[in-house]
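**Q** When you get a sec, could you give me coordinates for this:
(chains A and B)
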Protein chains: 2
Amino acid sequence: MTDRVTRVTVLAGGVGGAKLAHGVSMLPDVDLSVVVNTGDDLELHGLSISPDVDTVLYTLAGLANAETGWGLRDETWSAHEMLGRYGAPTWFRLGDRDIATHLVRTVRLAAGATPTDVTRELAASLGVRSRILPMADRPVRTRVRTSDGWLDLQTWFVGRRHADDALEIRFEGVEDARPTAAVLEAVASADVVAFAPSNPFISIGTILALPGMTSALLDTTAPIVAVSPIVAGAAIKGPADRMFATLGGEASALGVAQHYATRHPGLLDGLVIDAADEAQAPAIERLGFVVLVTAIVMRDEADRRRLAGEMLAFARTLRPAHTLRTAPATQDPGTIARAGT
Amino acid sequence: MTDRVTRVTVLAGGVGGAKLAHGVSMLPDVDLSVVVNTGDDLELHGLSISPDVDTVLYTLAGLANAETGWGLRDETWSAHEMLGRYGAPTWFRLGDRDIATHLVRTVRLAAGATPTDVTRELAASLGVRSRILPMADRPVRTRVRTSDGWLDLQTWFVGRRHADDALEIRFEGVEDARPTAAVLEAVASADVVAFAPSNPFISIGTILALPGMTSALLDTTAPIVAVSPIVAGAAIKGPADRMFATLGGEASALGVAQHYATRHPGLLDGLVIDAADEAQAPAIERLGFVVLVTAIVMRDEADRRRLAGEMLAFARTLRPAHTLRTAPATQDPGTIARAGT
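**A** Next comes the predicted model:
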């Protein structure tokens, strides 16, 4: 492994996924593909906006706003202010630089390019060398049922600051969507697959809901590890902790392990959890996962790189395991052997 | 006239038209309608852009960039810079605030609103009380033939800085376009009609090329006056002077008079020319126009207001004249009597 490039494929949502992907991209001799959730996409002011893809794009380009984690640094808000004067919706704030991205995307999509094409072009323009891969080229729209009824993901998340309890999640259009050829290739050729510390329900869960995605992951010979998005019972960012309460499960590192073991059986080989949750490691191991305990909150670029390196080294120790997983590859993941203790 | 509101309808292109309209809007007891050229409209980055309408809009809203005459003050250029990084066309500079206008317009047009609707909404949002009326709701696209062939107006004007000689002008789509009902009403109900010091070929000429526009102007009982866009043999702004050389005529106040007398016979009652061109007044009068000589270069808001006031007072002195013009209103403008000496 040391004498060649390691192919790492990260499944990612927005900020947390972008940070881990950025960490991996900083490692030597790594070839990174990031499979990004597109269930959060929206149309606003006639623009095609792909928030998670853009967060990964800006982060890997070194252009992300370090304070917010999303959007661009040195951003201005002139158009936003003027849109407000016109009475246009301003609940989803679009920075001026960010609008340029959406203009280019919208024009290219209208001209017949796929989201995969557009993302590759945008990334190339910004000097990004890793592959940023929208999970699917056909639209998937995540919707959240609340006591006020079904809401678009961004209406719920941004417009109402995810204050409403999420009672149910639906991935509209997912039955007609498929992982792109580039995504399937990134999974099939990976040496390591990692689930970023992104929301298990509406980021990683959206990607895994694509028909064919789970079987592609079951078929890969790469170890699959996840980084917990929960530390000490709370989401590192966003509403994941509260979603466990309303959608089932517990907001803990163990709850994350139970979630993947139950809802996506047979996929994960290992879980990276925070030192704060070390006491849960034995219970997680009893679920069949190998556990790495380390500091998983990424406060700066050094954290990203360190965590990515530790995760990669950890995943390599799991390497023999997936022969067990892949050998009896069937459509029934329940029969598949696990890596583990 | 002094005991009621005077209805003034200004035909306008961009900067010069906006300045005169702004001057009129500052006069007491005036109800202003501005009929604006839309032949310069373009689509860029998927946005519907109406440069002359926006220049008038921003100017009447008090938001225009005083230095450039076009665009918004306190503008930022973040999206423009980012579009450049993406390799998108940047020859037509779009400010961030300006982009908001185009986003709103594009969304509303896509939803089925007319340019007239959208302009009314934008103007209301910015507190503009005058009527800003796109000349037509159907698209007209001005094209310019050069030694390199036919160019879109903006490609010629902005993209190539009108360096190529204009050998011919074409108003694409004009045969299917009509003055809007609002434009016809503004002309029919006007007490005074004014042609702004805008380009006679590609601003005023575009409006006059609309089927039905000339007869509407011939039918109005209002005096019609024009402010010369040429001072001392040069265009106040833009390529009008050079266009006389290549399209026929001479770049002078007299040339402007000859242009309107020849190409749009029977329309104008009076012409406002600059003091620098006073020597040409007798020759202009011999063409049948009453002449007002004053300072017509509008350097600041005081100039705008003064010129507008003088023009309006001048037009009122022509009031008896149009009974001559309108009495024998026929389809042959050559037979129509003229105001004048």
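
**Q** show me the contacts for A:D41.
**A** Neighbour list for A:D41: A:48-51, A:139-141 [criterion: Cβ atoms under 8 Å, 6 or more residues apart in numbering or on different chains]. Yep, even glycine has a C-beta here, placed from its N, CA and C like the rest.

**Q** can you rerun that using 7 Å?
**A** A:49-50, A:139 (Cβ atoms under 7 Å, 6 or more residues apart in numbering or on different chains).

**Q** likewise A:P282?
**A** Taking Cβ under 7 Å, 6+ apart as the definition, A:P282 has no contacts.

**Q** quick one: it and chain B, what's the gap?
**A** 50 Å (Cβ to the nearest Cβ, to the nearest Å).

**Q** swap in A:W77?
**A** 8 Å.

**Q** how many neighbours does the nearest residue to that residue once chain neighbours are set aside have?
**A** Of all residues not flanking A:W77 in the chain, A:G95 sits nearest, at 6.0 Å (Cβ to Cβ, 6 or more residues apart in numbering or on different chains). Other residues within reach of A:G95, judged by other Cβ atoms under 10 Å in any protein chain shown, total 24.

**Q** what phi and what psi does the backbone show at A:G95?
**A** phi -70, psi 160 (degrees, to the nearest 10).

**Q** sorry, back to before: ok, so of the contacts of A:D41, who is nearest B:G39?
**A** Nearest to B:G39 among those, counting by Cβ to Cβ, is A:I49 at 32.9 Å.

**Q** contacting residues around that closest one?
**A** Contacts of A:I49 (Cβ under 7 Å, 6+ apart): A:41-42, A:102.

**Q** Tell me the spacing between it and A:T206.
**A** 16 Å (Cβ to Cβ, to the nearest Å).

**Q** ok, which residues in the stretch 1-150 of chain A are in contact with chain B?
**A** Residues of the stretch 1-150 of chain A lying close to chain B by Cβ under 7 Å from any Cβ of the partner chain are A:45-46, A:75-76, A:78-79, A:82-83, A:85-88, A:96-97, A:99-101, A:103-104, A:106-107, A:110, A:122, A:125-126.

**Q** Buried subset of the residues you listed as a PyMOL selection?
**A** Selection of buried members from the residues of the stretch 1-150 of chain A next to chain B for PyMOL, criterion 16 or more other Cβ atoms under 10 Å in any protein chain shown:
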select buried, chain A and resi 45+46+75+76+78+79+82+83+85+86+88+96+97+99+100+101+103+104+106+107+122+125+126
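
**Q** Among the residues of the stretch 1-150 of chain A next to chain B, which lie within helices?
**A** The helices, defined by DSSP state H, take in A:78-79, A:82-83, A:85, A:96-97, A:99-101, A:103-104, A:106-107, A:110, A:122, A:125 from those.

**Q** which stretches of the stretch 151-300 of chain A have low pLDDT?
**A** Within the stretch 151-300 of chain A, no stretch has pLDDT under 70.

**Q** where exactly do the helices run in it?
**A** A:153-154, A:181-188, A:204-208, A:213-219, A:240-247, A:253-263, A:281-286 (DSSP state H, counting those that start in this stretch).

**Q** For the second one, name the packing helices and strands.
**A** To tie it back to what came earlier, the one meant is helix A:181-188. Helix A:181-188 is packed against strand A:30-36, strand A:131-134, helix A:213-219, with contacts defined by 3 or more Cβ pairs under 7 Å, 6 or more residues apart in numbering or on different chains; DSSP states H and E.

**Q** which non-adjacent residue is nearest A:R93?
**A** Setting aside the residues directly before and after it, A:R93 is nearest to A:H80 in space (Cβ to Cβ, 6+ apart), at 5.7 Å.

**Q** ok, now which ones touch that neighbour?
**A** So A:H80 contacts A:90, A:93-94 (Cβ under 7 Å, 6+ apart).

**Q** I'd like the distance between A:F171 and chain B.
**A** A:F171 is 27 Å from chain B, by Cβ to the nearest Cβ.

**Q** What number of neighbouring residues does that residue come out with?
**A** A:F171 - counted by other Cβ under 10 Å - has 20 other residues nearby.

**Q** again, but for the one 10 residues further on
**A** In terms of burial, A:A181 registers 11 neighbours under the definition other Cβ under 10 Å.

**Q** need the contact list for A:H102.
**A** When contacts are counted by Cβ under 7 Å, 6+ apart, A:H102 touches A:47-49.

**Q** Look up how far B:G270 lies from it.
**A** A:H102 is 50 Å from B:G270, by Cβ to Cβ.

**Q** now A:T214
**A** Taking Cβ to Cβ as the measure, A:T214 falls 80 Å from B:G270.

**Q** higher neighbour count, the two?
**A** B:G270 (24 against 19).

**Q** Pull out the buried residues from stretch A:167-176.
**A** So for stretch A:167-176, counting by 16+ other Cβ under 10 Å, buried means A:169, A:171-172, A:174.

**Q** picking that back up, out of the helices of the stretch 151-300 of chain A, which is the most enclosed?
**A** helix A:204-208 (a mean of 25; mean count of other Cβ atoms under 10 Å in any protein chain shown).

**Q** Please save the CA atoms from that helix in CSV.
**A** The C-alpha trace of helix A:204-208 is given here as CSV (Å, rounded to 0.1, in the frame of the first residue of the first chain):
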residue,chain,number,x,y,z
ILE,A,204,-25.3,9.7,4.4
GLY,A,205,-28.8,8.2,4.6
THR,A,206,-29.7,10.0,1.4
ILE,A,207,-26.8,8.6,-0.5
LEU,A,208,-27.4,5.1,0.8
